[in-house]
Each structure stands twice: as structure tokens, then as C-alpha cells.
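Structure for this input, please:
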Amino acid sequence: MHHQEFFYWCRDAVSKIKYIPDRTKVYTELRAHLEDRYDSFMRKGMTDKEATRKTLEVMGDPMELLIHGYTLTLRL
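Okay, here's the model as predicted:
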């Protein structure tokens, strides 16, 4: 979609994944999740700016997600 902020968030979240096919899959999944969350906020009557900000707020820091994801992978 048109959200440059979502692009940067996803890019940062997958930045340390070395295997490119996995990076692409995770990026695509995260991007879809961001767009779904954004759409949900828009349906609740938020403006584009509000919905974008709230979506990123709810998703949190992409680097923390990355660290948490690696921790989960190592435990499996």
C-alpha cells in the first residue's frame, strides 16, 4: 500500500534475517498484519494519520520484535 512508515518498520524488523527467502516471507506477513491493523483503525473512524500512528504504536519497536523472534527460534 502507500504507507512508507510501514515499509520502514517491516524493513527494520527483518533486517537481521540472513536467509533472503525467509526475510521476504516474514516481511510480507508483517506488512499484511500492519495493513489489517490499519484498516481496522480506519473502520473505527480514525484519520489516515491517526490509524498509521496507532498501528505502529501497537506493533511496537521492530528491533524488539526481531530480538524476541530470534529468542523464540532458539528455543524451538
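
what mean pLDDT does the top helix by length along the chain have?
Criterion DSSP state H: the longest helix present in the chain is helix 20-43. Average pLDDT, helix 20-43: 93.

in it, what's buried?
Residues of helix 20-43 classed as buried: R23, V26, Y27, L30, R31, L34, R37, Y38, F41 (neighbour count, 16 or more other C-beta atoms under 10 Å). Every residue, glycine included, has its C-beta placed from N, CA and C.

just checking, the fourth one touches R11?
No: in this structure L30 lies outside contact range of R11 using C-beta atoms under 8 Å: 9.8 Å.

P62 is in contact with I17, isn't it?
No: using C-beta under 8 Å, P62 is not in contact with I17, being 11.9 Å away.

sorry, back to before: ok, and what's touching the very next helix or strand once past the longest helix of the chain?
The helix or strand immediately downstream of helix 20-43 is helix 48-59, counting by DSSP states H and E. The set of residues external to helix 48-59 that reach it, using C-beta atoms under 8 Å, 6 or more residues apart in numbering, is H3, E5, F6, W9, H33, L34, R37, Y38, F41, M42, M46, L65.
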